[in-house]
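Novice: output the structure for:
(chains A and B)
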Amino acid sequence: MSEQIPQEEFQEILREFHSEAQEILAGLEEDMVRLEREPSNRELVNRIFRAMHTLKGNSAFLGFTKMTSVTHEAENVLNKIRNGSLVLTETVMDALLASVDVVKALLREIIAGEDHSVEIDRAVALLQHALNADGSTETEGDAPAMLESSDRGAPDFTEATMIRVEVQRLDHLMNLIGELVIGRNRLHKVRTDIEHRHEGDSLVVDLTQVSGQINLVSSELQEAVMKARMVPIQNIFNRFPRLVRDLAREREKAVDLVVNGHETELDRSLIEKVWDPLVHLIRNAIDHGLESTAERAAAGKPERGQIILAARQEGSHIVISVEDDGRGIDPSRVLAKARRTGLVGQEEALSEQEALNLIFAPGFSTKDEVTDVSGRGVGLDVVKTNLKRLNGLIDVTTVKGVGTRFTLKIPLTLAIVQALLIQVAEEVAAFPLALVVETVRLHPGEVRTINGRPVLRIRDQVLPLLWLHDLFSAARPAERRFNAIIVGLAEERVALAVDTLLGQQEVVVKSIGSYLGEIRGIAGATILGDGRVVMILDVAALIDEAKSALVARR
Amino acid sequence: MRILTVEDSATMRRIIRNTLKRVGYDDVLEAENGQMALAKLATEKIDFVITDWSMPEMNGLDFILEVRRNESTKHLPVLMITTVAEREDILTALKAGVNNYIVKPFDADTLKTKIDQILGNA
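Specialist: Coordinates of the predicted model:
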């Protein structure tokens, strides 16, 4: 067929085909896993059948014969399930899911425009085998299921209300808005200065009005563009039912996945980056967090383990949690192991939370000792590193025998941030406010010393203290009260000593430019309302500094 | 002549739209399923309908039955696009009142010929 369609039209149709196929595939896996749990849900079978049917029809039209063959077989299997002549066993579902994998690979091949020699024979054979198998001889196993606790299904947007825009265009728009915000902040400052100098002048009244209006409109514009970049976290959440199903089947565990808040939105540039950390956490939960069916029964727990994956927005942050109702983590065993491996000194005293946080330390867990501490720590340092890159926080709470919850907190966007402006001697600098956990006002006498390093005791935690005065080559205060800013990144908390807190302001993060290279401790720069260029401090680097200094003294 | 295309796949809608344009029909409205098509028929002046079979909400067959039941659309020419080339299915469609059918994938000439046949211009 394709040779009859003019080239430019074909490209246009191909783009449509690609995005529609992606949409279909995203929903398809989720629907299939759900079908395994609700085999008699007719509406669901019909929807899955239609999805395959559309893929088949479209690929046939465009001459993608490999995709047509696979989807044709899958359609046959689904048709038999639909009219009740085939029982949906795990083997049948495996064949159907395998066909989805192949279709995905074929789609990538088509879009790349090159031959990746995607193999379809195995999937076709599996489907044909499933088609001819007598379903009744197979026993139904313990399939993981997908429970939905909130409204299901993405809103059904029609072509008329949706357009697709290249991401670069949105990025460009965001950059321009950044410049506009800088200009707006400057205008605001100029206005305030002029107001002071020429109070009561009618021109000044006009200026105030105009400036106020620009202020308002630019804020709204910024919000609108940010919204345009937002995508529902559904885009990655809907891949988890399949992942959980396959992993649970592999580990021979019975696991239900509950997904909450899949409508929560996150900046497009961030959404793909939370995938890896979440996969790690879910994998760990199934591998090690959840007990075997027998263990659960012995402990008087429901045989089916449960993982709750939830997302919600909290102000300018997205909070994502992965919670299991498994065996929990024992901090004393974590600590014992850390002492054995030399991560923590023999006589060093740690609070329970501090001990627990050791699971995020690089190289904490080695494979042969996985079961020793219920296997936590497998790749958790990777999770932490990923989150640091997103300016995110990670926390873990656990109750022995009841379960474990990991909570990730990620800023909605990285381009325009609320910043805390601080002053040390004559220097002004900024932090992303998102990383500030709290601020405390202290007297220098309250600073303790451990192993020759300054520390602060805040509630039950001992935090390393880093004097920013040292960074700016200024004298530390000896008598004057000062402010300590407790900042957090991933699971780490560090106190930073400054003289004054100047307040918070919305700033646009600008990179310093490649000719200066990477400067340790500086994440970027911004321009304040009065035109001053101010450095944005790299909290991750400062934390590393404080921690490594502590370790070095050990 | 204004044509209404009823088809749930965005790709297929575009293919049909492009094909129709190539054979000289550029006044085309679209609906994603039978339900939405009925709404269009109630508000727009439509001269010809091209409909898919398998669609969510209301499929092509139920849609045609509804079209034939309604006094104002009873005689509206309808062409059905289908992948199910099985005899019985086609008979069902013809009994329901489609004027003709075309099997996917089709080319521009076949589409034009089918439309012309229905309109009696052949």
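Novice: make it CA atoms for all contacts and neighbour counts henceforth
Specialist: OK.
Novice: where does the residue most central in space within chain B land in three-state SS?
Specialist: The structure's chain B has its C-alpha centroid closest to residue B:50; by CA atoms, centre = their mean the separation is 1.5 Å. The three-state assignment at residue B:50 reads strand, by DSSP: H, G, I helix; E, B strand; the rest coil.
Novice: tell me the contacts of it?
Specialist: B:3-6, B:78-81 (CA atoms under 8 Å, 6 or more residues apart in numbering or on different chains).
Novice: just the strands in chain B please.
Specialist: Ranges of strands within chain B are B:3-6, B:28-31, B:48-52, B:78-82, B:100-103, based on DSSP state E.
Novice: now the ones you listed as CSV including mean pLDDT?
Specialist: Output for the strands of chain B, formatted as CSV (pLDDT from 0 to 100):
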stretch, mean pLDDT
strand B:3-6, 95
strand B:28-31, 93
strand B:48-52, 94
strand B:78-82, 90
strand B:100-103, 88
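Novice: of those strands, which approaches residue A:390 most closely?
Specialist: With CA to CA as the criterion, residue A:390 lies closest to strand B:28-31 of those, at 42.3 Å.
Novice: which bits of chain A sit near chain B?
Specialist: A:1, A:4, A:9, A:13, A:16-17, A:20, A:47, A:50, A:54, A:57-58, A:60-61, A:159 (CA under 8 Å from any CA of the partner chain).
Novice: write the ChimeraX selection for whichever of those are buried.
Specialist: The ChimeraX selection below is limited to those of the residues of chain A next to chain B classed as buried (16 or more other CA atoms under 10 Å in any protein chain shown):
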select /A:13,16,17,20,47,50,54,57,58,60,61
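Novice: show me where pLDDT drops low in the stretch 1-150 of chain A?
Specialist: Counting by pLDDT under 70, the stretch 1-150 of chain A has low-confidence residues at A:1-5, A:133-150.
Novice: re earlier: ok, of the residues of chain A next to chain B, which one's closest to residue A:339?
Specialist: Nearest member of the residues of chain A next to chain B to residue A:339, counting by CA to CA, is residue A:20, at 54.2 Å.
Novice: on that earlier part again, farthest pair in the residues of chain A next to chain B?
Specialist: Top of the distance list for the residues of chain A next to chain B (CA to CA): A:4 and A:47, 31.3 Å.
Novice: pLDDT value on residue B:122, please?
Specialist: With respect to pLDDT, residue B:122 has a value of 46.
Novice: report the separation between residue B:50 and residue A:218.
Specialist: In this view, residue B:50 and residue A:218 are 47 Å apart by CA to CA, to the nearest Å.
Novice: for residue A:489, same thing?
Specialist: Counting by CA to CA, the gap from residue A:489 to residue A:218 is 30 Å.
Novice: residues near the nearest residue to residue A:53 once chain neighbours are set aside, how many?
Specialist: Excluding its sequence neighbours, the residue lying closest to residue A:53 (CA to CA, 6 or more residues apart in numbering or on different chains) is residue A:75, at 6.4 Å. Using other CA atoms under 10 Å in any protein chain shown, residue A:75 has 23 neighbouring residues.
Novice: in terms of contact, does residue A:75 touch residue A:55 like I think?
Specialist: No: using CA atoms under 8 Å, residue A:75 is not in contact with residue A:55; the gap is 9.8 Å.
Novice: by mean pLDDT, flag the weakest helix or strand of chain B.
Specialist: Lowest mean confidence among the helices and strands of chain B (mean pLDDT, DSSP states H and E): helix B:87-96, at a mean of 82.
Novice: report the angle between it and strand B:78-82.
Specialist: 160 degrees (axes from the mean of the first three to the mean of the last three CA atoms, to 10 degrees).
Novice: mind listing what's buried in helix B:87-96?
Specialist: Of all the residues in helix B:87-96, those buried under the rule 16+ other CA under 10 Å are B:90, B:93-94, B:96.
Novice: ok, stretch B:48-57 next?
Specialist: Neighbour counts over stretch B:48-57 (16+ other CA under 10 Å) mark B:48-56 as buried.
Novice: and whichever helix or strand residue A:226 is part of, what does it pack against?
Specialist: Using DSSP states H and E, residue A:226 falls within helix A:202-228. Here helix A:202-228 touches helix A:167-197, going by 3 or more CA pairs under 8 Å, 6 or more residues apart in numbering or on different chains; DSSP states H and E.
Novice: thanks a lot, catch you later.
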